[in-house]
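Novice: Predicted model and sequence below, questions to follow.
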Amino acid sequence: MSEKILIIGAGGQIGTELTIKLRELYGKDNVVAADINSGSNELMYSGPFEILDATRKDDVKKAIKKYKITQVYLMAAMLSAVGEKFPEKAWSLNMNSLLIALDLAKDGLYKKLFWPSSMAAFGPTSPKKNTPQETIMDPSTVYGISKLAGERWCEYYFQKFGVDVRSIRYPGIISWKTKPGGGTTDYAIDIFYKAVNHEDYNCFLSEHTRLPMMYMDDAIKATVDIMQAPSEQIKVRSSYNLSAIDFTPEEVYNEIKKHYPDFKVNYVPDFRQQIADSWPQSIDDSVARKDWNWNHSFDLEKMTKDMIKNLSN
Ligand code: SER
């Protein structure tokens, strides 16, 4: 049977590019993009599109039935920085949408769920360097708490009800197509926009703040790979550590300067500094590499070239 895919939160930073990739792989009519807001023309007119609120169970159920969906990618979420401004909203969106998706899978409405967790599920006392797959997790943001709780729910639904749910802990994702909304790693995207526009950049993190990062192409590849892997290879049913590169604002600035020698950055840390300081600096993802052959291909230099090329166009 051919797959019928529903992407909830398809208008977001990752959802947009995931929709395009999945339409290439599975055929445009087999991939339904859904979002609470209307999206770009590319998203809305390259295949079926539905306006959908991920926290309304009946509506999600209706969409799954209407298109005879077999797989759901739940990409709707409120990110770390904006989540601190609206804690209740962040908790209710991030948790309720997941519980709805898990419940509908448990009831047999569709077969396979992808749900993203994040490095934000780690916290101040988790090991900072090469953070292992299994370790202390004490997230200090509402976003991180919702991701850790979500991971436990995923494992629970797999163990108790056999729900085929798959998840990865994304690091900061760098991309040029759709801007992220309200994350702590957004600086690493904003900085490129400023450089390409020949403007100075006021960076909201300090120059030596090291964080795990990944280029969008690698993130999409990981997402597709984990969903296509045979079920028995997915041994972790909470969420897999995933990593590619790690860098500081100063390091990405120095890389960009190779292309824009006059580019200037000022460091003016705000409340997001504390969030960044609570997260890992680098991640050990050897379990994902072993279980489903994960591999990244973009390093800082290659990513910088590609970002600049695409943003200049
Ligand atoms: N990029 C996310 C954020 O900054 C982390 O998962 O909130």
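Specialist: Good, I have the coordinates.
Novice: May I have the residues that are in contact with whichever residue of the stretch 51-200 of the chain sits closest to the ligand?
Specialist: Distance from the ligand to each residue of the stretch 51-200 of the chain (CB to the nearest ligand atom) is smallest for Gly183, at 2.7 Å. Any C-beta I mention is one placed from the backbone N, CA and C, and that applies to glycine too. By CB atoms under 8 Å, 6 or more residues apart in numbering, the residues touching Gly183 are Leu79, Ser80, Ala81, Gly172.
Novice: Thr223 too?
Specialist: Contacts of Thr223 were listed using CB under 8 Å, 6+ apart, and they are Ile14, Leu18, Tyr73, Phe114, Pro116, Ile168.
Novice: Most neighbours among these, which one is it?
Specialist: Counting neighbours by other CB atoms under 10 Å, Tyr73 leads these with 28 neighbours.
Novice: partner residues bridging that one?
Specialist: Ile7, Phe114 (DSSP bridges).
Novice: which parts of the stretch 1-150 of the chain sit against the ligand?
Specialist: Counting by CB under 6 Å from any ligand atom, the residues of the stretch 1-150 of the chain close to the ligand are Leu79, Ser80, Ser118, Ala120, Tyr143.
Novice: at 5 Å what do you get?
Specialist: Counting by CB under 5 Å from any ligand atom, the residues of the stretch 1-150 of the chain close to the ligand are Leu79, Ser80, Ser118, Ala120.
Novice: buried set for stretch 13-25?
Specialist: Residues Gln13, Ile14, Gly15, Thr16, Glu17, Leu18, Thr19, Ile20, Lys21, Leu22, Arg23 are the ones in stretch 13-25 that count as buried (16 or more other CB atoms under 10 Å).
Novice: helix, strand or coil for the second one?
Specialist: With DSSP: H, G, I helix; E, B strand; the rest coil as the basis, Ile14 sits in helix.
Novice: try the last one
Specialist: Following three-state DSSP, the label given to Arg23 is helix.
Novice: That one and Pro48 touch, don't they?
Specialist: No - using CB atoms under 8 Å, Arg23 is not in contact with Pro48, being 9.8 Å away.
Novice: so what sits against both of these two?
Specialist: Residues touching both Arg23 and Pro48 (CB under 8 Å, 6+ apart) are Val31.
Novice: Please convert the residues of the stretch 1-150 of the chain next to the ligand to JSON lines, extending it with pLDDT.
Specialist: As requested, those are arranged in JSON lines below (pLDDT from 0 to 100):
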{"residue": "Leu79", "pLDDT": "97"}
{"residue": "Ser80", "pLDDT": "97"}
{"residue": "Ser118", "pLDDT": "98"}
{"residue": "Ala120", "pLDDT": "98"}
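Novice: May I see these arranged in a markdown table, with distance to Val32, secondary structure and neighbour count as well?
Specialist: Formatted as a markdown table, these follow (distance: CB to CB, whole Å; DSSP: H, G, I helix; E, B strand; the rest coil; neighbours: other CB atoms under 10 Å):
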| residue | distance to Val32 | secondary structure | neighbour count |
| --- | --- | --- | --- |
| Leu79 | 24 | coil | 22 |
| Ser80 | 28 | helix | 26 |
| Ser118 | 25 | strand | 30 |
| Ala120 | 28 | helix | 30 |
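Novice: quick one, helices of this structure?
Specialist: Here the chain has its helices, by DSSP state H, at 13-26, 41-45, 57-66, 80-85, 87-106, 142-161, 187-196, 216-228, 249-257, 272-277, 286-292, 300-312.
Novice: List the buried residues of the second one.
Specialist: The neighbour-count check on helix 41-45 (16+ other CB under 10 Å) flags Leu43, Met44 as buried.
Novice: so what secondary structure elements neighbour it?
Specialist: Applying 3 or more CB pairs under 8 Å, 6 or more residues apart in numbering; DSSP states H and E, we find helix 41-45 packed against helix 13-26, strand 31-35.
Novice: CSV for those, including mean pLDDT?
Specialist: Below are the helices and strands packed on helix 41-45 laid out as CSV (pLDDT from 0 to 100):
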stretch, mean pLDDT
helix 13-26, 97
strand 31-35, 98
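Novice: most distant residue from the middle of the protein?
Specialist: Asp262 (32.3 Å; CA atoms, centre = their mean).
Novice: ok, how many other residues are close to the closest residue in space to that one that isn't next to it in sequence?
Specialist: Nearest non-adjacent residue to Asp262, counting by CB to CB, 6 or more residues apart in numbering: His198, 7.7 Å away. Look at His198: counted by other CB under 10 Å, it has 9 neighbours.
Novice: and what of the one 10 residues further on?
Specialist: Burial of His208 is recorded as 10 neighbouring residues (other CB under 10 Å).
Novice: next one: the one 5 residues further on
Specialist: Each residue near Met213 was counted by other CB under 10 Å, and the total is 24.
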